[in-house]
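[1] predicted model and sequence follow; I will ask about them next.
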Amino acid sequence: MDEKEQEARRYVTERFPRATAAERKKIVEDWLAKDLVAEGIADDFERRVGPLAGLRVLDSGSGPGGIGIAFAARGATVDGVDIEPELINISVRDAARRGSSAHFALYEGRTLPFSDGSFDAAVSVSVIEHVDEPVRYFAELLRVMKAGGHLYLGFPNRLNPKETHTGLWFLSYLPLSAARLYVKLTGRNPLEDNGLHFYTYWAVKRFLRESAYDGRTWHLVSEEGRSRNPLKRATKSVLRALGIPYQAFLPHVMLILEAR
């Protein structure tokens, strides 16, 4: 067992004391796969937004640091922030082991420790579902973004039948009280331990609209994506004709937004 896996197991055991052994094993496996996922995110960012080289990028909710390290490897100047001290410690150690220039720092979760207009881009992947004040979160990202800067935003869709973190079917469709009972009856890790919230595409779009800061707002960059499957292409065409964004029904919603 290498150092990274040891850190993952130790963190998961301490962070999720009420999780079952099977759940902890799954979390650790997901953790160890994050470096490969991070490379995929860096590829997608460059395809949709542009080259990372020369950009100053904020990884807001950096977790164990994989995305920030992947972005820095492509020439970006990266600052990652998170609210958990141990995650920052793990990120700093991993960056040092890999000779990465990515910088990671602890913050209190409300006010980002940066001046207005500091960043060319920001990335937020699988973070917003853990945020208690999403409007404030997006307003802070907008504050520290330069005009014309881009936000790469990804989050699990509440409409996805199988909830991402617990693996339970239709959990996110239930009222909060019923969802908590469902989690308890199935012996899964309590929602409170994950700090989970369930958001749809439309809810997040509303948060973004309400987060206007100092005359600036978020604008969705229109993109159709690339579907090779004829059925998927046809489905997108039907939804487009009805004025419904196809992203609203994906298991994991990914949006590119521009600060204007």
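    Noted; the coordinates are in hand. Numbering: from 1, shown residues only.

[2] any idea how far Asn157 is from Arg188?
    As defined by CB to CB, to the nearest Å, Asn157 lies at a distance of 19 Å from Arg188. C-beta: built from backbone N, CA, C; applies to glycine.

[3] before we move on, what about Ile128?
    Counting by CB to CB, the gap from Ile128 to Arg188 is 21 Å.

[4] helix, strand, or coil at the closest residue to Pro251 other than its chain neighbours?
    Among residues not flanking Pro251 along the chain, Asn160 sits closest, at 4.3 Å (CB to CB, 6 or more residues apart in numbering). Applying DSSP: H, G, I helix; E, B strand; the rest coil to Asn160 yields a three-state assignment of coil.

[5] OK, contacts around Asn160?
    By CB atoms under 8 Å, 6 or more residues apart in numbering, Asn160 lies in contact with 172, 250-252.

[6] in what element of secondary structure is the nearest residue to Met254 once chain neighbours are set aside found?
    Of all residues not flanking Met254 in the chain, Gly154 sits nearest, at 4.6 Å (CB to CB, 6+ apart). Gly154 is part of strand 145-156, with elements assigned from DSSP states H and E.

[7] quick check on Asp120: phi, psi?
    When quoted as degrees, to the nearest 10, the phi and psi of Asp120 stand at phi -80, psi -30.

[8] re earlier: and the furthest pair within the contacts of Asn160?
    Considering CB to CB, no two members of the contacts of Asn160 lie farther apart than Ser172 and Leu250, which are separated by 14.1 Å.

[9] neighbour count winner among those two?
    The residue with more neighbours, out of Ser172 and Leu250, is Ser172; 24 against 15, by other CB atoms under 10 Å.

[10] which SS class is that one?
    Ser172 is classified as helix under three-state DSSP.

[11] that one is in contact with Val183, isn't it?
    No: between Ser172 and Val183 there is no contact, the gap being 11.3 Å when judged by CB atoms under 8 Å.

[12] thanks a lot, see you next time.
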